[in-house]
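1. Pasting the sequence and the predicted coordinates here, then a few questions.
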Amino acid sequence: MAQWLVEDGIGEERAVLVEHGEVVAARVVWDEPWRAGAVVDARLGPRIPGTRRAVVRLADGSEALGEGFDPKLTEGQAVLVRVTRSAIAEKGRAKLPQVRPAMPGEAPGPAPSLLAELSAGPHPVRRVPVHGSALAEAGWDDLVAEALAGEVAFAGGNIVISPTPAMTLIDVDGPPPLPALALAAVPAIAAVLGRFDIGGSVGIDFPSLAEKVQRRAVDEALADALAMTGWQGERTGMNGFGFVQLVSRLERPSLIARFARAPVAAAARRLLRMAERVAEPGTLLLTAHPAVRRAMRTEWEAELGRRTGRRIAWHEDAGLAPTASFAQAIAA
């Protein structure tokens, strides 16, 4: 049976759904102020004429996009809203959180922890210690490396995953014969949707296939593969240029989008996890690019010292890639 393994990291909650020894789904939660599931007092902002939509101002003064509001409500009125999608960072800007009116009887409260959210689902959940081996044995490090690179190899080719403001694009690349390449890519594509927590609009750029029968074979294979993973959404058939679009519910940024838009913040959290897992005694020496040091919040470093009971030292190396940061124990 599939089981969620959850780690409570510093600045990050992380989880993997493991089935038959493989990661079939993953979730990462950072300490964003407004995540899906939070219920918050807000005030209605400007209405969009002729719709039930409006901008709302949340409790901390930030804005969100809302829908489903009674047309009789006017600007400035107090409303209780539920966050349905967290903010999603994009190049040069961010998509605002999305909200809806809260249900009758709901009270203001934060979004549930990742552990609580997953515990409400169909699979058993087990919290595991960061310094243990459960996530590493499941393949967490390989998963993060793939998400950082945005590239996954499969037998016969590879897929490249790129977050854009409009959608997540998946490009299939490899040598001919093209019909065989497209079919070989299907299981990998279906798998990465769950492994990287990819939702919303997804565009898949398969090789162009000249014959309808070839395109139909890929469509049928993709439908079967998605059904096997439990994916829910809408799907177009492959057009003459090899393009397929998937649309599913979007509540949060995917691992690919999160790491691509905030690579230094991701590197800092990755370094914290490495540091917590150092077993040898001594001072913890964190070796990192200066940008990673700057991204390390004071409270994170303090929490690392508290959890490990060690003194923390730094060595900054501008020639080191942010993703190549590492932790080790040295003599005090």
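-> Noted; the coordinates are in hand.

2. Now name the helix or strand holding the closest residue in space to Leu226 that isn't next to it in sequence.
-> Excluding its sequence neighbours, the residue lying closest to Leu226 (Cβ to Cβ, 6 or more residues apart in numbering) is Ala190, at 5.3 Å. Quick note: C-beta positions are derived from backbone N, CA and C, even for glycine. According to DSSP states H and E, Ala190 maps onto helix 178-195.

3. sorry, back to before: what residues does the residue nearest to Leu226 make contact with?
-> Taking Cβ atoms under 8 Å, 6 or more residues apart in numbering as the criterion, Ala190 is in contact with 222, 225-226, 228-229, 231.

4. Low-confidence regions, the stretch 51-200 of the chain specifically.
-> Scanning the stretch 51-200 of the chain for pLDDT under 70 picks out the ranges 91-93.

5. so where do the strands sit in it?
-> Along the stretch 51-200 of the chain, counting by DSSP state E, counting those that start in this stretch, strands occupy 54-57, 63-66, 78-85, 88-90, 93-95, 98-101, 125-127, 151-154, 157-163, 168-173.

6. Now mean neighbour count and distance to Ser208 too, for those strands, in TSV please.
-> What follows is the strands of the stretch 51-200 of the chain, written out as TSV (neighbours: other Cβ atoms under 10 Å; distance: least, Cβ to Cβ, whole Å):
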stretch	mean neighbour count	distance to Ser208
strand 54-57	19	42
strand 63-66	20	37
strand 78-85	20	34
strand 88-90	19	29
strand 93-95	12	32
strand 98-101	21	36
strand 125-127	15	43
strand 151-154	16	19
strand 157-163	18	15
strand 168-173	20	11
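
7. Indicate which one of those is closest to Leu284.
-> The minimum distance between Leu284 and those falls on strand 125-127, with 23.6 Å, by Cβ to Cβ.

8. Describe which strands the closest one pairs with in its sheet and in which direction.
-> Strand pairing for strand 125-127, using DSSP bridges, gives strand 3-8 (parallel).

9. List the buried residues of the strand it pairs with.
-> By neighbour count on 16 or more other Cβ atoms under 10 Å, the buried set for strand 3-8 is 4-7.
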